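Turn this into a structure:
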Amino acid sequence: MSMHEDLAGDPSGKGGRGEALPRLAITMGDPAGVGPEVIFKAMSHAEVFELCRPVVIGDTAVMNKAAEACGGGALPAGVEMLDMKMLAPDEHQWGRISAASGRAGAAYVERAVAMARSGEVAGIVTCPLNKEGLRLAGVPYPGHTEMLGALTGTKDYAMMLVAPKMRVIHVSTHVSLEEAIRRVKTPRILTVIRMAQQTLLLEGIAQPRIAVAGLNPHAGESGLFGDQDAQDIAPAVKAAQDEGIVASGPHPPDTVFWHAQKGQFDIVVAMYHDQGHIPAKLAGFDEAVNVTVGLPIIRTSVDHGTAFDIAGQGIASERSMLAALRYAARLAS
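Residues are numbered from 1 along each chain as shown. Down below sits the predicted model:
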């Protein structure tokens with residue numbers, strides 16, 4: 001059966017062999033990075049086919065090169081490969097930033113989103129894009145999160161990182177620190193708290209415990225180190241509490257993540273990119289998952305970059321990809 005026939009005949013992934021397993025689209029990311037190798041390695045794990053029915057979106061020629069880099073072989077029979085044919089043979093080179101690779105990576109995501117919105121797949125799992133490659137290709141988004149928001153017409157969305165012992169959700173992500181400070185406003189913080197609540201309820205946590213980090217050292221120390229904590233963050237926490245959400249804060253940023261890792265909280269609301277990314281990646285770099293919450297589709301991703309410095313060597317770890325597949329399958333089911 002061709003891939004087109006398979007997708008058209010059973011878009012939900014239910015019925016017959018593989019009944020109740022969600023069909024997940026897996027995008028190759030920037031084809032010059034480690035995404036193709038990470039996918040190839042992950043597909044060698046039998047666990048994948050107990051979680052989902054994988055559909056890889058990318059270029060078959062690049063996937064074949066990744067297979068060679070990883071020691072040879074082919075994708076298992078249970079993997080559907082959607083060949084987008086985005087790159088000419090001379091346009092692909094491991095570890096090279098290019099407009100062609102940036103354009104290809106964006107096209108894979110666009111196709112996956114279209115399939116998710118039409119119901120052909122239950123969710124998407126993405127490999128990393130390169131921001132400079134996207135810029136060279138004229139793609140008007142700095143990364144997946146913003147692109148997915150635009151492609152789905154979603155106004156309120158947020159990035160959540162899931163490490164083995166910690167979850168972090170961000171008020172802002174890919175903006176300057178100066179702009180991030182400007183975005184620390186009560187309505188946005190309350191929206192992110194609500195999204196955290198909804199996502200953890202979906203995950204099966206009956207009463208999520210949400211800690212909200214402060215912006216300034218010691219959460220402002222009663223105004224000694226800034227007033228955003230008292231004027232913007234505290235009112236958002238109070239409003240969430242009034243809605244019945246178990247939220248607390250603002251907590252000193254230098255201790256709240258430690259308490260979360262020890263199990264005191266289910267998730268931390270971070271005020272900006274690095275405030276949340278640094279502790280989450282320390283907690284589980286190889287196994288962290290990036291989740292875009294607030295979208296009308298399920299999207300998870302590896303939580304590492306394109307790693308151009310090691311691309312094509314067959315040494316990139318597939319652990320984050322496996323974790324992303326597990327989480328997507330969990331949300332889809």
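
Do a quick rundown of the helices in the stretch 1-150 of the chain.
For the stretch 1-150 of the chain, applying DSSP state H, counting those that start in this stretch gives helices covering 3-9, 35-42, 48-51, 60-69, 99-118, 131-136, 144-151.

Present those helices as JSON lines; the columns should include mean neighbour count, mean pLDDT and distance to residue 249.
The C-beta positions use only the backbone N, C-alpha and C, and glycine is treated the same way. Output for the helices of the stretch 1-150 of the chain, formatted as JSON lines (neighbours: other CB atoms under 10 Å; pLDDT from 0 to 100; distance: least, CB to CB, whole Å):
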{"stretch": "helix 3-9", "mean neighbour count": "12", "mean pLDDT": "31", "distance to residue 249": "45"}
{"stretch": "helix 35-42", "mean neighbour count": "28", "mean pLDDT": "98", "distance to residue 249": "36"}
{"stretch": "helix 48-51", "mean neighbour count": "17", "mean pLDDT": "96", "distance to residue 249": "35"}
{"stretch": "helix 60-69", "mean neighbour count": "19", "mean pLDDT": "97", "distance to residue 249": "44"}
{"stretch": "helix 99-118", "mean neighbour count": "21", "mean pLDDT": "98", "distance to residue 249": "34"}
{"stretch": "helix 131-136", "mean neighbour count": "19", "mean pLDDT": "96", "distance to residue 249": "31"}
{"stretch": "helix 144-151", "mean neighbour count": "20", "mean pLDDT": "92", "distance to residue 249": "23"}
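
Minimum distance to residue 222: which of those has it?
Ranking the helices of the stretch 1-150 of the chain by proximity to residue 222 (CB to CB) places helix 144-151 first, at 34.2 Å.

Just send the helices of the stretch 1-150 of the chain back as TSV, with distance to residue 235 too.
Shown next, in TSV, are the helices of the stretch 1-150 of the chain (distance: least, CB to CB, whole Å):
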stretch	distance to residue 235
helix 3-9	48
helix 35-42	42
helix 48-51	41
helix 60-69	50
helix 99-118	35
helix 131-136	34
helix 144-151	25
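
nearest to residue 27, of those helices?
Per CB to CB, nearest to residue 27 of these: helix 99-118, 4.1 Å.

helices or strands up against that closest one?
Here helix 99-118 touches strand 23-27, strand 53-58, strand 123-126, helix 131-136, helix 144-151, going by 3 or more CB pairs under 8 Å, 6 or more residues apart in numbering; DSSP states H and E.

Per the annotation, how does this protein divide into domains?
Taking automatic domain parsing as the reference, the chain has its domains at 1-154+295-333, 158-291.

coming back round to it: out of the helices of the stretch 1-150 of the chain, which gets nearest to residue 171?
Checking those against residue 171 by CB to CB gives helix 144-151 as the closest, at 12.7 Å.

Can I get the closest one in PDB? Just the C-alpha atoms.
Presented in PDB, the C-alpha positions along helix 144-151 are these (Å, rounded to 0.1, in the frame of the first residue of the first chain):
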ATOM      1  CA  HIS A 144       8.900  26.300  15.600                       C
ATOM      2  CA  THR A 145       6.800  27.900  18.400                       C
ATOM      3  CA  GLU A 146       6.100  31.100  16.500                       C
ATOM      4  CA  MET A 147       5.600  29.300  13.200                       C
ATOM      5  CA  LEU A 148       3.100  26.800  14.700                       C
ATOM      6  CA  GLY A 149       1.200  29.700  16.200                       C
ATOM      7  CA  ALA A 150       0.900  31.400  12.800                       C
ATOM      8  CA  LEU A 151       0.100  28.200  10.900                       C
END
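
about what we covered before: which of the domains of the chain has the lowest mean pLDDT?
Out of those, domain 1-154+295-333 stands lowest, with a mean of 90 (criterion: mean pLDDT).

tally of neighbours for the nearest residue to residue 185 once chain neighbours are set aside?
Setting aside the residues directly before and after it, residue 185 is nearest to residue 232 in space (CB to CB, 6 or more residues apart in numbering), at 5.6 Å. Residue 232 has 19 neighbouring residues, counting by other CB atoms under 10 Å.

quick one, strands of this protein?
Ranges of strands in the chain, per DSSP state E, are 23-27, 53-58, 80-83, 123-126, 158-163, 166-170, 209-213, 246-251, 267-270, 289-293, 299-302.

I'd like the ones you listed written out as a markdown table, with distance to residue 321 added.
Shown next, in a markdown table, are those (distance: least, CB to CB, whole Å):
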| stretch | distance to residue 321 |
| --- | --- |
| strand 23-27 | 8 |
| strand 53-58 | 11 |
| strand 80-83 | 16 |
| strand 123-126 | 7 |
| strand 158-163 | 14 |
| strand 166-170 | 19 |
| strand 209-213 | 28 |
| strand 246-251 | 32 |
| strand 267-270 | 23 |
| strand 289-293 | 9 |
| strand 299-302 | 5 |
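
Now stretch 202-220: buried residues?
For stretch 202-220, burial by neighbour count (16 or more other CB atoms under 10 Å) applies to 203, 208-216, 218-220.

of those residues, closest to residue 265?
Nearest to residue 265 among the buried residues of stretch 202-220, with distances taken as CB to CB, is residue 211, at 4.0 Å.

Could you give the bridge partners of the closest one?
Beta-bridge pairing for residue 211 (DSSP bridges): residue 248, residue 268.
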